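*Asks:* any chance you can model this:
(one chain, ligands or ions: 1)
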Amino acid sequence: MDRSIRHDSVAHFHRDGHMIKPQDVPTKSGLETRQAALINLHTNLEACRRCTGMQGPPVHGPAVLSPVMLIGQAPGTREIEQGRPFCWTAGKTLFGWFAPLGLDEAAFRERVLISAVCRCFPGKNPKGGDRVPDRQEVESCRNWWGGELDLLRPRLIIPVGKLAIAQVMDFRLLNEVIGRQWSYRSPDGWESDIIPLPHPSGASTWFKMEPGRTLLRQALELIAMHPTWRAWMDQRGP
Ligand code: SF4
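*Replies:* Now for the predicted structure:
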């Protein structure tokens, strides 16, 4: 069954991940439509089996129409088992970074759309840690996080780790981009802010040593000061 719906300014996807032409789908508008489109995208994502070298089923977080979108690299085995992004050791570190900013893990999952460059487990790297998805896998999975980005048009994008950062901006070294705020401009002209973070993997030492430790602290301070984050904190009241 084609569960796709139409909205003039957002992307919609068939189960195979291809974009649906506006004339092919019925019309709705506003938040309700974007919410339905995001749920539809996730339903179709769950059925994706495009990559032979990846181990699914694909993982996604709740369909939160958030002004903040976090983009990770790819799930690990625990995430695949539990069907939940960042549910194990890297997640503990990641949510530990955000808790002092006012959102604990539960609140973060409710508020922020958690996306990823690839949605299946890439397998282990023989040298240790998880394999980094290859170029073809990244390209194959692009429409899923790209579709989420188009639907949300978030005010703040938080790419986590080199692979995710490379999807939204040009960069050479983590030292040169973390701890600063950057601008994002979509191909169709909407704009957002980017505050990159390092990957919280236990295999990474970058954020545990200087200058990474200081740059991570500066990046988290920037997130705490971002107007969207501050508005969230203001809403909570004293
Ligand atoms: S990695 Fe992405 S594109 Fe590849 S099978 Fe999984 S969900 Fe589909």
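
*Asks:* list the helices and strands the helix or strand of the chain at the bottom of the mean pLDDT ranking packs on?
*Replies:* Lowest by mean pLDDT, DSSP states H and E among the helices and strands of the chain is helix 227-236, with a mean of 93. The elements that helix 227-236 packs onto, with contact taken as 3 or more CB pairs under 8 Å, 6 or more residues apart in numbering; DSSP states H and E, are helix 212-225. Every residue, glycine included, has its C-beta placed from N, CA and C.

*Asks:* now do the buried residues in the helix it packs on.
*Replies:* Within helix 212-225, the residues that qualify as buried are 212, 215-216, 219-220, 222-223, counting by 16 or more other CB atoms under 10 Å.

*Asks:* near the ligand, from those?
*Replies:* Contacts with the ligand within these, counted by CB under 6 Å from any ligand atom: none were found.

*Asks:* now flag whichever of these is closest to Leu103.
*Replies:* Ile223 (10.0 Å; CB to CB).

*Asks:* what's the angle between the least confident helix or strand of the chain and helix 212-225?
*Replies:* Interaxial angle, helix 227-236 versus helix 212-225 (axes from the mean of the first three to the mean of the last three CA atoms, to 10 degrees): 60 degrees.

*Asks:* so which bits of helix 227-236 are buried?
*Replies:* Quick answer for helix 227-236 (16+ other CB under 10 Å): 229, 232.

*Asks:* and it, how far out from the chain middle?
*Replies:* Relative to its chain's centre, helix 227-236 lies at 20 Å (CA atoms, centre = their mean, to the nearest Å).

*Asks:* what lies in contact with that helix?
*Replies:* 67-68, 101-103, 111, 155-156, 223-224 (CB atoms under 8 Å, 6 or more residues apart in numbering).

*Asks:* need the buried ones from the residues you listed selected in PyMOL.
*Replies:* Listed next is the PyMOL selection for buried residues among those, using 16+ other CB under 10 Å:
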select buried, resi 67+68+101+103+111+155+156+223
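
*Asks:* restricted to helices, list the contacts of helix 227-236.
*Replies:* 111, 223-224 (DSSP state H).

*Asks:* go through these and name the one nearest the ligand.
*Replies:* Of all those, the ligand sits closest to Arg111, with 24.0 Å by CB to the nearest ligand atom.
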